[in-house]
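S.K.: sharing a model that was predicted from the sequence below.
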Number of protein chains: 2
Amino acid sequence: MLKLTIDQIIALFENDQIDEITKKINLLHPGDAAQIINELPAEYQVKAFNQLSSELASDVINDLHDELREDVLETIQQNRLVEIMDEMDSDEATDIAAELDEHQLKDVLQKIDKEDSEEIKQLLIYDEDTAGGIMQKEIITVNKEMNRAEMIDHIRDNYDDVEKLYYIFVTDEENKLIGILEASKLLLCKSEMKALDIMDKDVISAPVEMDQEEVAGIFRKYDIYILPVIDKENHLLGRITVDDIIDVIDEEASEDVYKMVGLENEDKVFTSPLSSVRKRLPWLTLNLFTALLVSSVVGVFEATIARLSFLAVLMPIVAGLGGNSGTQTLTVITRGIALGELTLHNTYRAIVKEITVGIINGLLIGSVAMLIAYLFKGNILLGAVLGISMVCNMFIAGLVGSSIPVVMKTLKIDPALASSVIITMLTDIGGFASFLGLATLLL
Amino acid sequence: MLKLTIDQIIALFENDQIDEITKKINLLHPGDAAQIINELPAEYQVKAFNQLSSELASDVINDLHDELREDVLETIQQNRLVEIMDEMDSDEATDIAAELDEHQLKDVLQKIDKEDSEEIKQLLIYDEDTAGGIMQKEIITVNKEMNRAEMIDHIRDNYDDVEKLYYIFVTDEENKLIGILEASKLLLCKSEMKALDIMDKDVISAPVEMDQEEVAGIFRKYDIYILPVIDKENHLLGRITVDDIIDVIDEEASEDVYKMVGLENEDKVFTSPLSSVRKRLPWLTLNLFTALLVSSVVGVFEATIARLSFLAVLMPIVAGLGGNSGTQTLTVITRGIALGELTLHNTYRAIVKEITVGIINGLLIGSVAMLIAYLFKGNILLGAVLGISMVCNMFIAGLVGSSIPVVMKTLKIDPALASSVIITMLTDIGGFASFLGLATLLL
């Protein structure tokens, strides 16, 4: 589908054939244009974007990588920005508006189409992670008393504003949402039918303040493409389309993985190094303190290590396997919570399961480790210490890896924050303490 | 939206009011019914499913957890299974068919509607992770020469088969796909118009053998709801709907996180403990050997540890921070690859960035660690050893965390397999070797 390659564009830039670039790049589908610009070497990216027509640019700009979009918005001429925003749907224009500085925003809102400007101001009020923050105001609404011909006329008059017309919404006199109507149903129905007769009354909708992750859950559960957004009195405010939900799902999936390893959302592949350093430092500092804590537990047994230095050689085995085993449990549980598989009614069963798995794996891997230690060191007691401490630590791994995220969820703290650093700290302490403790007692 | 709570159902089961359950549960939306059944205590799940009408059951069965669906399919009566499958779309019926044993499958295919049976047989051929494996055969196709009235008649005749009619497909005499037509466009166009005149010729489609992750990439890039699937000669074979793509995206996101910690896809919250043990054992065994390798590196320095036992106390700090720092880099890079942000044209930049971040963080955290070691042990040289080895290890973390997944991608191995166990092994070795090595030289 891509009719133009990166290498072709680079060659054109190198030969200064800007007109040729303008011609070719404007023939692309917005998805392809965004991909090409995202992949170009840094020095050509903004230049290439500047060759896009306002219409194409309006579909491309929100698909650029965050850093690149920032670069574009910093250098863009105001007239061009106004032209681009005039072409956009209200939800996308609002996303851009939210990235402008106060001064830039004020100027732009004055110059763009007045109706658009009002819509953006209304949408800017909502938190960007809520239904209101991702909805668009472009909708087609018909009154329940309209007949087929009236509805078709009404749709024709408003069609230009709305992309992807799949449903139209049916409201009563007070703009309260009472039904939805598939365009295809309208196509097939008889001419005397009113909206009220053919609409689907069983409407699924989202309150405007609902968190976007919950909204994604509604799309997932009911297999819908478009979701109306309402206020507390059931007034229709806007609609959310499934393509935006795919972005939400990607974002939330990244967020969950990121949180587990202590990363911030905005820390992407091409975030500047200094900005990544700043974002990762607090967590690494926390990690330094958990490591010091672990180290102080080992310190308790320094006398034993001084006597039996080979314990220091073997102790990473117990801690390492516990850590990885705990991270596995943590991943299964947090993913189960994210996908809604784990609920209040079945957590106990899940925790018992993970502990069981930990103990069984501990017994199996511990036996092998015991055997290896015996074969290499010829000391059956050392083997026993290694094996038993492994069982203990894998039990700990199953317990903390499953119960910590669940407890956090119950306390309404995001369970994905139960990051690997906490679990690893606990399995490190569990591993070192059980291994060195048993060794101090038995060897 | 949920008009029935879990607790109400449990109470009805406890009082043996099965008729009441049947009545209430069949009023639910399929999404709600599936959620309730998934959350019920294990003893009531299959019983509750058995109270669903065939129609509702056909919409619910694919949303049950894997283990529960297996339980249902093992105990279901053949007549009921046939009734349920007759109600299903071809893609969903095929998913069920793929889970039946050979004997059960043969019987069912004989008894269900003949056309459905043919479609299922055709779909079973495709790998379940490809476009063919997720497409459905229910489509409405019009010939390019049809006029508006003919098209509407044709749609009316075939409408019952197809849920979510959003596009109709336009083909030529040889059933080759030449355009798509939004239902809403047909609603608004003039009566003399032919399909050819109003269709969108710029069709985005997927070849039947395309991997489902790539298919999801098409939906993501072009913001579409429905995608036609074609063979090599451009014959129209079926369509993929965006609700199935959301399942694919969830599945692939889970898969990526899972692979990073060495988990298999089928290892879910409620997979039986023994089955989870079996799935996790190979990876933990691999982990045992990487841990032994790490241990043997520490073994090289056993004499130093015997002399200076406090080194054993401090060495987990260097290894631990390197491991967590490497896992952060690994996560940023693999997520960037999964979302298509990282491509051949920009990997070098990404690796340099991660190494830079590693070194800077190493310098900062290393300085703090140096200071702490000096304050507690009063030994400036020990502090220096700790600090320098931390810089080395965070450099290693940045290097291996970024380059290993990239190299794997270049070699066409799934980059998500660059699991944390490999990265942790390398940062463990890097941490212990640099810390103990420097200590042996300097202290």
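M.R.: Good, I have the coordinates. Residues are numbered from 1 along each chain as shown, chains lettered A, B, ... in the order given.
S.K.: quick one: residue A:72 and residue A:46 touch, right?
M.R.: Yes. The criterion here is Cβ atoms under 8 Å, and residue A:72 meets it with residue A:46 at 5.8 Å. Glycine gets a C-beta too; all of them are placed from N, C-alpha and C.
S.K.: wait, isn't residue A:360 in contact with residue B:275?
M.R.: No. Contact between residue A:360 and residue B:275 fails when scored by Cβ under 8 Å: they sit 11.3 Å apart.
S.K.: what about these two, which has more around it?
M.R.: Using other Cβ atoms under 10 Å in any protein chain shown as the criterion, residue A:360 and residue B:275 rank with residue A:360 on top: 20 against 15.
S.K.: just the element for the more buried one, please.
M.R.: helix A:347-377 (DSSP states H and E).
S.K.: and whatever helix or strand comes next after that helix, what does it pack onto?
M.R.: Next in sequence after helix A:347-377, counting helices and strands by DSSP H and E, comes helix A:380-410. Packed against helix A:380-410 by the contact rule (3 or more Cβ pairs under 8 Å, 6 or more residues apart in numbering or on different chains; DSSP states H and E) you find helix A:310-338, helix A:347-377, helix A:420-442.
S.K.: how far off centre is helix A:380-410?
M.R.: 30 Å (Cα atoms, centre = their mean, to the nearest Å).
S.K.: which of the helices and strands packed on helix A:380-410 is buried the deepest?
M.R.: Highest mean neighbour count among these (mean count of other Cβ atoms under 10 Å in any protein chain shown): helix A:310-338, with a mean of 27.
S.K.: tell me what angle that helix forms with helix A:347-377.
M.R.: Helix A:310-338 and helix A:347-377 meet at an angle of 160 degrees, taking axes from the mean of the first three to the mean of the last three Cα atoms, to 10 degrees as the criterion.
S.K.: farthest residue from the center of chain A?
M.R.: The outermost residue of chain A relative to its centre, with distances by Cα atoms, centre = their mean, is residue A:378 at 51.9 Å.
S.K.: and the strands in chain A?
M.R.: Counting by DSSP state E, chain A has these strands, from start to end: A:141-143, A:167-171, A:177-182, A:206-207, A:226-230, A:236-241.
S.K.: what is residue A:171 paired to in the beta sheet?
M.R.: With DSSP bridges as the criterion, the beta-bridge partners of residue A:171 are residue A:143, residue A:177.
S.K.: pLDDT weak spots in chain A?
M.R.: A:1-3, A:418 (pLDDT under 70).
S.K.: before we move on, the earlier item: who's more crowded, residue A:72 and residue A:46?
M.R.: Higher neighbour count among residue A:72 and residue A:46: residue A:72, with 21 against 17, using other Cβ under 10 Å.
S.K.: check the gap between the more buried one and residue A:408 for me.
M.R.: According to Cβ to Cβ, to the nearest Å, residue A:72 and residue A:408 sit 39 Å apart.
S.K.: how about residue A:160?
M.R.: Residue A:160 is 48 Å from residue A:408, by Cβ to Cβ.
S.K.: which one's more surrounded, those two?
M.R.: Comparing residue A:160 with residue A:408 by neighbour count (other Cβ under 10 Å), the higher total belongs to residue A:408, at 17 against 8.
S.K.: I'd guessed the more buried one sits against residue A:417; true?
M.R.: Yes. Between residue A:408 and residue A:417 there is a contact at 6.6 Å, judged by Cβ under 8 Å.
S.K.: hang on, the earlier thing: any residue of the helix holding residue A:360 touching chain B?
M.R.: Yes. Applying Cβ under 8 Å from any Cβ of the partner chain, one finds helix A:347-377 touching chain B at A:349-350, A:353, A:356-357, A:360-361, A:364-365, A:368-369, A:372.
S.K.: for stretch A:194-211, same thing?
M.R.: Yes. Using Cβ under 8 Å from any Cβ, stretch A:194-211 comes into contact with chain B via A:202, A:204.
S.K.: what's around the nearest residue in space to residue A:369 that is not next to it in sequence, how many residues?
M.R.: With Cβ to Cβ, 6 or more residues apart in numbering or on different chains as the criterion, residue A:369 has its nearest non-adjacent residue at 5.1 Å, and that residue is residue A:386. Number of residues near residue A:386 (other Cβ under 10 Å) recorded here: 26.
S.K.: quick one, what contacts residue A:386?
M.R.: Applying Cβ atoms under 8 Å, 6 or more residues apart in numbering or on different chains, we find residue A:386 in contact with A:314, A:317-318, A:366, A:369-370, A:373, A:435.
S.K.: of those residues, just say which sits nearest to residue B:299.
M.R.: residue A:314 (8.9 Å; Cβ to Cβ).
S.K.: is it true that the closest one touches residue A:373?
M.R.: Yes. Contact criterion Cβ under 8 Å: residue A:314 and residue A:373 qualify, at 6.9 Å.
S.K.: need the overlap of contacts for those two.
M.R.: A:382, A:386.
S.K.: ok so, going back, now the residues of helix A:347-377 next to chain B in a markdown table, with distance to residue A:54?
M.R.: Listed next are the residues of helix A:347-377 next to chain B as a markdown table, based on distance: Cβ to Cβ, whole Å:
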| residue | distance to residue A:54 |
| --- | --- |
| A:349 | 57 |
| A:350 | 53 |
| A:353 | 56 |
| A:356 | 61 |
| A:357 | 57 |
| A:360 | 63 |
| A:361 | 60 |
| A:364 | 64 |
| A:365 | 62 |
| A:368 | 66 |
| A:369 | 66 |
| A:372 | 68 |
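S.K.: now do the contacts for residue A:276.
M.R.: By Cβ under 8 Å, 6+ apart, residue A:276 lies in contact with A:267, B:353, B:357.
S.K.: now the first one: closest residue in space, sequence neighbours ignored.
M.R.: Once flanking residues are discounted, residue A:267 sits nearest to residue A:279: 4.7 Å by Cβ to Cβ, 6+ apart.
S.K.: residue numbers of the stretch 1-150 of chain A in contact with chain B?
M.R.: Residues of the stretch 1-150 of chain A lying close to chain B by Cβ under 8 Å from any Cβ are A:1, A:6, A:29, A:31-32, A:34-35, A:38-42, A:65.
S.K.: quick check: the farthest pair among those residues?
M.R.: Across these (Cβ to Cβ), the longest gap, 25.3 Å, separates A:1 and A:42.
S.K.: what residues go with each domain of chain A?
M.R.: Domain assignment of chain A by automatic domain parsing yields the ranges A:6-128, A:141-242, A:273-442.
S.K.: out of these, flag the one nearest residue B:210.
M.R.: Per Cβ to Cβ, nearest to residue B:210 of the domains of chain A: domain A:6-128, 16.0 Å.
S.K.: can you give me the end-to-end distance of the closest one?
M.R.: End-to-end span of domain A:6-128 (Cα to Cα, to the nearest Å): 33 Å.
S.K.: run the chain-centre distance for that domain.
M.R.: 23 Å.
S.K.: likewise stretch A:289-300?
M.R.: On Cα atoms, centre = their mean, the centre of stretch A:289-300 falls 34 Å from the chain's centre.
S.K.: tell me how far residue A:134 lies from residue B:16.
M.R.: Distance from residue A:134 to residue B:16, by Cβ to Cβ: 46 Å.
S.K.: the two: which is more packed in?
M.R.: Taking residue A:134 and residue B:16 together and counting by other Cβ under 10 Å, residue A:134 has the greater number of neighbours (25 against 9).
S.K.: list the contacts of the more buried one.
M.R.: A:91, A:128, A:212, A:215, A:240, A:244-245, A:248.
S.K.: highest neighbour count among these?
M.R.: Greatest neighbour count in the contacts of residue A:134, by other Cβ under 10 Å, goes to residue A:240: 29 neighbours.
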